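>>> could you look at this predicted model? Sequence included:
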Amino acid sequence: MTKNATSVYKYLDNEKINYQIVTHPPVYTAEQADKYVQEYQFARTKNLFLKNKAGYYLVTILENKRLNMKKLKENLSTSRFSFARPEELAMKLGITSGAVSPFNLFNDKQHQVTFIIDADIFKNEDLIGCHPNINTATVILGIKDLLQIIKQNGNPVKAVQL
């Protein structure tokens, strides 16, 4: 069963994780989301769903950075990356473009998607904002809490300098 926003909130409550929900109109880019969360302090990120010969990757990077896929390939000692197709996004993470988020990993029942987080995210902030599997809300929670949730879910997690 695909986890929706309500099940994400229930999970966070059950794990006693502190979080805040900001609801807003549908957003499809980090720039659009920023309009609705300006008064909140957290790491602003964008999420990319990539693939290569080795598998699938959900990459979370600071929103003002451009992902250098060649550097990512070198840092992970793997093959060349490309963007996954929308059908692959739906199949692997149960989501459509515009709502890509680390919380999508809850829907990866086979734990086949590796979570890559930009090491720079940890430099200035303790909190991060993520869509709860819908693009009409942003959940603000601790970065360390998010990483723990993903590890508990069974997905590989790697912090990489991007």
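Nice, I can see it. Residues are numbered from 1 along each chain as shown.
>>> which non-adjacent residue is nearest residue 24?
Excluding the flanking residues, the one nearest residue 24 by CB to CB, 6 or more residues apart in numbering is residue 36, at 3.6 Å. C-beta here means a position set from N, CA and C on the backbone, and glycine is covered the same way.
>>> counting neighbours, what do you get for the one you found?
By other CB atoms under 10 Å, 16 other residues sit near residue 36.
>>> tell me which residues touch it, please.
By CB atoms under 8 Å, 6 or more residues apart in numbering, the contact set of residue 36 is 22, 24-25, 27, 138.
>>> which residue ranges form the strands in this structure?
19-23, 45-52, 55-62, 82-83, 113-118, 127-130, 137-142, 157-160 (DSSP state E).
>>> which strands and helices lie in contact with the fourth one?
Yep, that's strand 82-83 we're talking about. Judged by 3 or more CB pairs under 8 Å, 6 or more residues apart in numbering; DSSP states H and E, the packing partners of strand 82-83 are strand 45-52.
>>> ok, residue 114 touching residue 151?
No - using CB atoms under 8 Å, residue 114 makes no contact with residue 151, being 11.8 Å away.
>>> where's the most centrally placed residue in the chain relative to residue 43, distance?
With the centre of the chain defined as its mean C-alpha position, the nearest residue by CA atoms, centre = their mean is residue 102, 2.7 Å away. As judged by CB to CB, to the nearest Å, residue 102 and residue 43 stand 12 Å apart.
>>> tell me, what's touching residue 114 and residue 151 both at once?
Common neighbours of residue 114 and residue 151, counting by CB under 8 Å, 6+ apart, are residue 157.
>>> between the two, who's got more neighbours?
Taking other CB under 10 Å, residue 114 and residue 151 do not tie; residue 114 has more neighbours (20 against 12).
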